[in-house]
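> here is a sequence together with a model predicted from it:
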Amino acid sequence: MRSPDRGVRRLAAGGYWRRKMVGLRFRCGIGGLFKVPATQQRRSRAYSVSQDFAEVLRKPKRQLTKLVFPLQELERQLAPDTRPSLHLKLFEPSLEDIARADDLFTATDRHRIEYLSSAVRLEHAPDLLRPEVCFIGRSNVGKSSLIKALFSLAPEVEVRVSKTPGHTKKMNFFKVGKYFTMVDMPGYGYRAPEDFVDMVETYLKERRNLMRTFLLVDSAVGIQKTDNIAIEMCEEFALPYVIVLTKIDKSSKGRLLKQVLQIQKFVDSQTQGCFPQLFAVSAVTYSGIHLLRCFIAHITGNLKANDSQFS
Ligand code: GDP
């Protein structure tokens, strides 16, 4: 098997994205990409159940499942023997873990969550040692709305949500205390910024502290051509990445399930670096937001999800 570096070096001379856009195709075979960082450790900060999550916990079981584990609720529609195909138990934290993660996303005087800076080139990105995760997706996929929802427990954080596609033209860095950074990348596809290639590809290839890339796909439309190119780019660069389905409030259960199953099949058969478990979110109903926060806390080494049940 080819080493991941070779693919990266081969592409260093020219923009992957640009080449893809003119129709060149590369195939690759890179495996074993979804590792939990060695720095995995339990945070020492005491946690408390936020007001927000306390309200979630008061909901009837079915509603709670729908809000916290939306794909598990959807999976109930499947015949029992086909349910394991959704791999929903790979990351299945307890409600206590989820409360801990919410706590990490809650700003306090001593735990500041804030917009840090923007950059158009990697050289201008803040030089950080802490783990980082980034969010990529087509313009209008709901990226800014998702980041805003993830930061809803830190309302002072300013995440601009646009009404016009292609609004995010810079890489925007947000710090979550001293624990990790989240990066909102410019959208690709329609009206992508001209220097998208230099900006995004270089970042993805060279950012040393990048722990995971979250690739957003609009659940109402499924994987589009440009999403495919982004997926191939992640594969070629040997990036560990995760597919997040956005706007799940927009589709009926049946339509959403069809889309989820199709994407799951694609992930299982066509990808190697993609985490097999899909995540699904709505920035309107907040479905899946708590679980995604918990996953981010986990993969940045700030929360060791355990099996204990919330009591
Ligand atoms: P971005 O270009 O990827 O940053 O997308 P935005 O976050 O600006 O969202 C694009 C459009 O989709 C906006 O009109 C949002 O209000 C809408 N949108 C984003 N997330 C959701 C969602 O979860 N549900 C619904 N129904 N609409 C959403």
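Nice, I can see it.
> those helices in the stretch 151-300 of the chain, which residues are they?
196, 202-206, 225-236, 253-270, 289-299 (DSSP state H, counting those that start in this stretch).
> of those, which is nearest residue 156?
When those are compared for distance to residue 156 using Cβ to Cβ, the nearest one is helix 289-299, at 17.3 Å. Quick note: C-beta positions are derived from backbone N, CA and C, even for glycine.
> which residues does the closest one contact?
Helix 289-299 is contacted by residues 36-37, 53, 56, 67-70, 91, 93, 97-98, 100-102, 104-105, 133, 149-150, 152, 180, 182, 211-212, 242, 244, 279, 281-283, 303-305 when judged by Cβ atoms under 8 Å, 6 or more residues apart in numbering.
> at 6 Å what do you get?
68, 91, 93, 97-98, 101, 104-105, 133, 149-150, 211-212, 279, 281, 303, 305 (Cβ atoms under 6 Å, 6 or more residues apart in numbering).
> just to revisit the earlier point, export the helices of the stretch 151-300 of the chain to a markdown table and append columns for mean neighbour count.
Shown next, in a markdown table, are the helices of the stretch 151-300 of the chain (neighbours: other Cβ atoms under 10 Å):
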| stretch | mean neighbour count |
| --- | --- |
| helix 196 | 19 |
| helix 202-206 | 19 |
| helix 225-236 | 20 |
| helix 253-270 | 15 |
| helix 289-299 | 24 |
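> tell me which of those helices sits nearest to residue 74.
Using Cβ to Cβ, the helices of the stretch 151-300 of the chain put helix 253-270 closest to residue 74, at 5.5 Å.
> ok, now which ones touch the residue nearest to residue 278 when sequence neighbours are not counted?
The shortest distance from residue 278 to any non-neighbouring residue, by Cβ to Cβ, 6 or more residues apart in numbering, is to residue 243 (5.5 Å). Shown in contact with residue 243 (Cβ under 6 Å, 6+ apart): 215, 217, 278.
> so what sits opposite the second one in the bridge?
Same thing as residue 217. residue 245 (DSSP bridges).
> residues contacting it?
Contacts of residue 217 (Cβ under 6 Å, 6+ apart): 223, 227, 243, 245.
> quick one: least confident of these?
Minimum pLDDT for those is recorded at residue 227 (92).
> any idea how far it lies from residue 269?
16 Å (Cβ to Cβ, to the nearest Å).
> if we can go back for a sec, let me know the closest of the contacts of residue 217 to the ligand.
Distance ranking of those against the ligand, using Cβ to the nearest ligand atom, places residue 245 first at 9.9 Å.
> what is the neighbour count of that closest one?
27 (other Cβ atoms under 10 Å).
> how near is it to residue 99?
24 Å.
> which parts of the stretch 1-150 of the chain sit against the ligand?
137, 139, 140, 141, 142, 143, 144, 145 (Cβ under 6 Å from any ligand atom).
> same list, the residues you listed, but as CSV with pLDDT, secondary structure and neighbour count please.
Formatted as CSV, these follow (pLDDT from 0 to 100; DSSP: H, G, I helix; E, B strand; the rest coil; neighbours: other Cβ atoms under 10 Å):
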residue, pLDDT, secondary structure, neighbour count
137, 93, strand, 25
139, 88, coil, 20
140, 90, coil, 21
141, 94, coil, 27
142, 94, coil, 27
143, 93, helix, 26
144, 91, helix, 20
145, 94, helix, 19
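> which members of the contacts of helix 289-299 occur in helices, if any?
Among the contacts of helix 289-299, the members found in helices (DSSP state H) are 68, 97, 98, 101, 104, 149, 150.
> residues near the fourth one, how many?
Looking back up the chat, that one is residue 101. Residue 101: 26 neighbours (other Cβ under 10 Å).
> show me what contacts it?
Counted by Cβ under 6 Å, 6+ apart, residue 101 has contacts 293, 294, 297, 303.
> for the stretch 1-150 of the chain, which spans come out with low pLDDT?
1-49 (pLDDT under 70).
> that'll do, ta.
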